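S.K.: Have a look; sequence and predicted model below, questions after that.
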Amino acid sequence: MKIRFLGTAAFEGIPSLFCRCPLCVKAGEEGGKEIRSRTSVMLDDELKIDFPPDTFMHMIRDRLDLEKIKDLIFTHSHSDHLYADDLVARLPGFARSADHPIEVYGNDAVLLRIKQALDANGGAKGKYNLHRLRPLERTQLQTAVVVPLPASHDPNETCLLYYIEKDGKTLLYGHDSGWFPEETWQWLQGKRLDLAILECTVGQINYRQSHMNVDAVLETKQRFEEFGILKPDAQIVVTHFSHNGQLSHSDLVDIFTPHGIQVAYDGMNLELP
């Protein structure tokens, strides 16, 4: 399985719009891995997680063929994870797209926002099918099996993490979330992961309610090990960084490498053999 990390920043991006903080200034000067766009991941070019406002840039930079997407799943409706207006671009009159529909999965807030955008332009017209997901219900997609798990993020929305089974591999897409709810931890017991993708939005700030900090990531890894959730050769990757955490890519690498955790960057590819 091939995992593409298309974007690796939180809502603001790095450098952030209008910001002159030291991290944003450094990112603008150094470029490369210090530049982070809004978070999204693609599995084997056919299963996409979230559709941020930077998707156009991801397509150009990584030479993606978005028409290969079969399934599109959403964690929640916040604007850095769902830019519904750009989904309209697949409709007739905007694009000469393929005839097959993209299957779209998410919570009520996600589906409502997408439906409003499509309806304002004459409806889905066979280009999308919308499906509501419920936490802890196993769902067979075209490309994978997913189980949405409760996240600790926005109390006004049922935000979701994802346990994914694809081509004999298992992974956890673990953000946006602070310390996982107990029901998520209970469900994960007995599971065996090849890959866990976690977030470290706030860096070393003492906060872990709706996002994770460094300590929460390390404690999550420890709990994975205590519960036997990780396979012997399992990988852990951190992503979704805010400039407010004031940690550069090299800072993050220095922090996490001694713990066997990889730091994602925009455009990073990871293979699960």
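M.R.: It's in.
S.K.: what's the spacing between the residue nearest to Met57 when sequence neighbours are not counted and Gly126?
M.R.: Excluding the flanking residues, the one nearest Met57 by Cβ to Cβ, 6 or more residues apart in numbering is Ser37, at 6.3 Å. In this view, the C-beta of every residue, glycine as well, is placed from N, C-alpha and C. Going from Ser37 to Gly126 by Cβ to Cβ, to the nearest Å gives 30 Å.
S.K.: Could you check which of those two is surrounded by more residues?
M.R.: Per other Cβ atoms under 10 Å, whichever of Ser37 and Gly126 has more neighbours is Ser37, with 21 against 11.
S.K.: which stretches of this protein form strands?
M.R.: Applying DSSP state E to the chain gives strands spanning 2-7, 40-43, 47-49, 71-73, 102-106, 128-132, 139-140, 145-150, 160-166, 169-174, 193-199, 230-239, 261-263, 268-271.
S.K.: Need those in a markdown table (columns: mean neighbour count).
M.R.: Converted to a markdown table, these look like this (neighbours: other Cβ atoms under 10 Å):
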| stretch | mean neighbour count |
| --- | --- |
| strand 2-7 | 21 |
| strand 40-43 | 22 |
| strand 47-49 | 24 |
| strand 71-73 | 23 |
| strand 102-106 | 22 |
| strand 128-132 | 15 |
| strand 139-140 | 12 |
| strand 145-150 | 20 |
| strand 160-166 | 22 |
| strand 169-174 | 23 |
| strand 193-199 | 23 |
| strand 230-239 | 18 |
| strand 261-263 | 21 |
| strand 268-271 | 12 |
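S.K.: closest to Ser210 out of those?
M.R.: Distance to Ser210, taken as Cβ to Cβ, is lowest for strand 193-199 among these, at 10.3 Å.
S.K.: Mind pulling up the pLDDT for Pro273?
M.R.: What the model reports for Pro273 is a pLDDT of 87.
S.K.: Can you give me the pLDDT of Arg63?
M.R.: 97.
S.K.: same question, Pro232
M.R.: Listed pLDDT for Pro232 reads 96.
S.K.: Please report the distance of it from Glu271.
M.R.: As for Pro232, its distance to Glu271 is 17 Å (criterion: Cβ to Cβ).
S.K.: Same question for Glu225.
M.R.: Computed as Cβ to Cβ, the Glu225 to Glu271 distance reads 23 Å.
S.K.: What segments of the protein are helices?
M.R.: Along the chain, counting by DSSP state H, helices occupy 22-30, 55-62, 108-119, 182-188, 214-227, 249-256.
S.K.: Out of the ones you listed, which gets nearest to Gly203?
M.R.: That would be helix 214-227 among those, by Cβ to Cβ, at 6.4 Å.
S.K.: name the helices or strands packed onto the closest one?
M.R.: helix 182-188, strand 193-199, strand 230-239, helix 249-256 (3 or more Cβ pairs under 8 Å, 6 or more residues apart in numbering; DSSP states H and E).
S.K.: could these be laid out in TSV, adding distance to Cys24?
M.R.: TSV is the format used below for these (distance: least, Cβ to Cβ, whole Å):
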stretch	distance to Cys24
helix 182-188	33
strand 193-199	19
strand 230-239	18
helix 249-256	13
